[in-house]
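Asks: Got a predicted structure plus its sequence, pasted below:
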Amino acid sequence: MVFIFCIILMYFGIFAYKTATHRLISMNKLLLPILLLYLASLFLPSAALGNSEPKIGMEFVSSGLLFFFLLPYSLPFYANIFLFITCSALHSGRTVRFYFSEITIILILSSLMFLEIFSWGYLAWLFSGCFAWANYHVVQKEKNPSLFIKTSLFCVLLTLSAWQLGEYQRRQPEMQKADYFQHQSAVFVSPLFFKF
């Protein structure tokens with residue numbers, strides 16, 4: 001599962017790089033990796049507040065809709081707003097404020113501070129923000145298209161690191177696992193944890 005996810009991320013980087021270097025192809029195709037990663041994040045187990053089973057991404061994001069005025073719950077809501085603004089502006093060809101793509105990543109990473117469990121859906125959501133950031137810098141700022149390759153390599157390294165963190169935490173004794181939750185450390189749930 002992990003290696004398939006890494007191969008898909010590398011394919012997205014190579015696809016975006018080739019699309020950006022061959023300007024004959026529509027630049028709207030650069031939004032495809034962002035859209036696919038975001039849709040995957042909605043249906044994969046994402047995150048949980050407290051010592052509970054992680055929620056599917058749709059539940060996690062919709063909790064921000066219900067509690068848009070409470071800080072830890074509202075961060076995914078505001079991160080998605082900035083992500084949608086960035087993507088819609090890139091799609092229509094309008095200029096994007098330079099800080100919208102950065103604010104998206106900051107809000108996604110800030111929501112990790114309040115989480116106790118995160119999983120594949122959270123990573124896919126983070127990577128959609130990273131590809132939106134790379135898309136902004138290549139299309140609007142006319143940076144080198146190799147930024148897509150660098151972004152996908154970063155995502156692959158982060159995926160492998162999170163997977164190893166989950167494997168390390170899974171092998172710990174039960175007493176030490178309870179200690180993770182006590183000290184508010186984020187725990188990565190490595191398997192997809194769907195119960196059959």
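Replies: Yes, it's here. Note that the coordinates shown come from a computational prediction; the quantities given were computed from them, not determined experimentally.
Asks: tell me what the strand ranked longest in the chain is packed against?
Replies: In the chain, assigned by DSSP state E, the strand with the most residues is strand 45-48. In terms of contacts (3 or more C-beta pairs under 8 Å, 6 or more residues apart in numbering; DSSP states H and E), strand 45-48 is packed against strand 55-56, helix 57-66, strand 117-118, helix 120-139. Any C-beta I mention is one placed from the backbone N, CA and C, and that applies to glycine too.
Asks: distance between that strand and the chain's centre?
Replies: Chain-centre distance of strand 45-48: 12 Å, with C-alpha atoms, centre = their mean, to the nearest Å.
Asks: So for that strand, mean pLDDT?
Replies: In this model, strand 45-48 carries a mean pLDDT of 74.
Asks: In contact with the residue nearest to the spatial centre of the chain, which residues?
Replies: Nearest to the mean C-alpha position of the chain, counting by C-alpha atoms, centre = their mean, stands residue 126 at 1.6 Å. Listed by C-beta atoms under 8 Å, 6 or more residues apart in numbering, the contact partners of residue 126 are 105, 108-109, 158.
Asks: picking up where we left off before, neighbouring strands of the longest strand of the chain in the sheet, and parallel or not?
Replies: strand 55-56 (antiparallel), strand 117-118 (antiparallel) (DSSP bridges).
Asks: so of those strands, which one's packed in deepest?
Replies: Counting by mean count of other C-beta atoms under 10 Å, strand 117-118 has the highest mean neighbour count of these, with a mean of 24.
Asks: Roughly how far does residue 95 sit from residue 141?
Replies: 10 Å (C-beta to C-beta, to the nearest Å).
Asks: Report all helices and strands that the longest helix along the chain contacts.
Replies: As assigned by DSSP state H, the longest helix anywhere in the chain is helix 146-170. Using 3+ C-beta pairs under 8 Å, 6+ apart as the contact test, the elements touching helix 146-170 are helix 2-21, helix 120-139, strand 187-188.
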